[in-house]
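Enquirer: Only the shape, not the letters, is given here:
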């Protein structure tokens, strides 16, 4: 299994509070991603990173920000949590040193279940 | 229209059965295709990458039809441990962008 951890694994927070989720990898992969998964929607990309301090928006980025100050850590911040952000959040990584289809393969962390009340 | 569409199922099959899942994608420029499996309350895990000529891994066979823009996954001799949700995944943007688009998944239950 790829060395990816996420913290916290579970969190309950109140509307309006800031929340930061952490993804940590030990694989030294260049690319990191944050997804959310909701019933009926599947996995949707929030933000991704293609290097230290290099990030870009995904499909559902409103209300989220990210930071990557080290190769191994990718942080997702909900500036002011809302009930619509109740979801399961997954981090993923992909290799940078391969070519072809292998370069697109993504490996996922165990997820964080976030409930906003 | 969803960018990646799958029959949500559920598919309930007896042990030993052969089951096939199909998936269609909307972007003809897509270059990379995958099947992931996801167990209940777990993270998605890569099952197979799908190559243009089709590929097999044990009991699993994946096929790609670019002309019709669909991907299939065939599972032979189903095991109880195959029970999971199977996600069809496509690199919709093509080229060098590494973003993947996930289908909503097809749920499989293998019955004893």
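Expert: Yes, it's here. Computed from a prediction, not measured in an experiment: that's the story for all the values here.
Enquirer: Compute the number of surrounding residues for residue B:56.
Expert: Residue neighbour count, defined by other Cβ atoms under 10 Å in any protein chain shown, stands at 12 for residue B:56. In short, each C-beta sits where N, CA and C put it, glycine included.
Enquirer: residues contacting the nearest residue to residue B:91 once chain neighbours are set aside?
Expert: With sequence-adjacent residues excluded and distances taken as Cβ to Cβ, 6 or more residues apart in numbering or on different chains, residue B:91 is closest to residue B:32, at 3.9 Å. With contact set as Cβ atoms under 8 Å, 6 or more residues apart in numbering or on different chains, residue B:32 has these partners: A:101, A:104, B:49, B:90-91, B:100.
Enquirer: what's the closest of those residues to residue B:107?
Expert: The shortest approach to residue B:107 among the contacts of residue B:32 belongs to residue B:90, at 19.4 Å (Cβ to Cβ).
Enquirer: how close does the residue most central in space within chain A sit to chain B?
Expert: Geometric centre of chain A, nearest residue: residue A:34, 2.3 Å, by Cα atoms, centre = their mean. Note on residue A:34: its distance to chain B, by Cβ to the nearest Cβ, to the nearest Å, is 12 Å.
Enquirer: now swap in residue A:41 and tell me
Expert: Residue A:41 is 7 Å from chain B, by Cβ to the nearest Cβ.
Enquirer: mind checking pLDDT for that residue?
Expert: With respect to pLDDT, residue A:41 scores 82.
Enquirer: Near it, how many other residues are there?
Expert: Around residue A:41 there are 14 residues (other Cβ under 10 Å).
Enquirer: Can you list the low-confidence ranges for the chain?
Expert: As the question left the chain open, I've gone with chain A. For chain A, the stretches flagged by pLDDT under 70 are A:1-2, A:96-99.
Enquirer: Oops, wrong one, chain B.
Expert: B:1, B:93-97.
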